[in-house]
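> Fold the following for me, if possible:
(chains A, B and C)
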Amino acid sequence: MRAARTMTATNDSSRVLREFYTTLFAAFGPQYWWPGETRDEIIIGAILTQNTAWTNVARAITQLRKHEALTLRAIHELDESRLADWIKPAGTYRVKARRLKALVHWFYDHFDGDLDRVFATPLAKLRPMLLSVSGVGPETADAILLYAGDIPTFVVDAYTRRILRRHDIIDGEAGYEHVKRLFEHANSPDAHVYGEYHALLVALAKRHCKSTADCDDCPLRDWPHDASK
DNA sequence: TGCCAGGCCGGGT
DNA sequence: ACCCGGCATGGC
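The predicted structure follows:
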């Protein structure tokens, strides 16, 4: 009985999450996300954007580009303190310089600087490897895997959780992996769809979840929600 | 002006 | 196994 009720809840949330995608896509159209022209740039941006507004990340990326340091190889060869200096606009710059260096070190150490080899590694092995790098947590790892590696693994961020909490699909206790599974069970594995979905959630949050007054023309307004969450 | 932003780590319980 | 302070810039 308990199992049956759990299953029903799972199916309900899966249905809602599929409906959300259809609705958001109809409202906002394709997002073609993540910002970044190259895989290197996407990976670097994934570290820089940790707990930081993207406008500040963009400034840091501009700096790196100006110094011809917007590649993993360049960062690998760069002095950490100089790197820190250039990425200052992104905030927590000493921490992020250390994390970028740790990531590219891992990348050269295990894959000899070959991104194709990185992303040819099975997800079940690659994700834990990425998570073992200091400074790479679940969101950063999934953003790299999905947007740079084109690997179907769902990215969960603060926006995603807030939206799901507002619609009572999760509670405040829900962990990262749990939320991730909800999306991956609702949608068949497709990197393009996962990427668009995450981007659509960000678009929604930025336009409609700033204050309770933003709910009026929100595409998801017809679903039960609590804007105070 | 103070608070927040697309996290994550490390030390303390 | 949690909890929490620290990291730091620019925008509102």
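
> can you count the residues close to A:H167?
The local packing of A:H167 (other CB atoms under 10 Å) involves 18 other residues. (C-beta placed from N, C-alpha, C; glycine too.)

> my guess is it contacts A:L220, does it?
Yes: the criterion here is CB atoms under 8 Å, and A:H167 meets it with A:L220 at 7.0 Å.

> can you list the residues of chain A near DNA strand B?
Residues of chain A lying near DNA strand B by CB under 7 Å from any atom of the strand: A:33-35, A:46, A:49-54, A:56, A:91-92, A:95, A:133-141, A:143, A:155, A:157-159, A:202, A:206.

> Give me the subset of those lying in helices.
Judged by DSSP state H, helices contain the following of the residues of chain A next to DNA strand B: A:46, A:54, A:56, A:95, A:138-141, A:143, A:158-159, A:202, A:206.

> Regarding the closest residue in space to A:T71 that isn't next to it in sequence, what is its secondary structure?
Among residues not flanking A:T71 along the chain, A:D40 sits closest, at 4.7 Å (CB to CB, 6 or more residues apart in numbering). Three-state call for A:D40 (DSSP: H, G, I helix; E, B strand; the rest coil): helix.

> so A:H110 sits right up against A:M129, yeah?
Yes: using CB under 8 Å, A:H110 and A:M129 qualify as a contacting pair, with a distance of 7.1 Å.

> coming back round to it: residues near the residue nearest to A:T71, how many?
19.

> Repeat that for A:H208.
Here the number of neighbours of A:H208 (other CB under 10 Å) works out to 20.

> quick revisit: quickly check the ones in helices among the residues of chain A next to DNA strand B for the two that are furthest apart.
Within these, two members stand farthest from each other by CB to CB: A:V95 and A:K206, at 25.1 Å.

> Just the buried residues out of the residues of chain A next to DNA strand B, in PyMOL syntax.
Remark: buried members of those, expressed as a PyMOL selection using 16 or more other CB atoms under 10 Å:
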select buried, chain A and resi 33+34+46+49+50+52+56+91+92+133+135+136+138+139+140+141+143+155+157+159+202
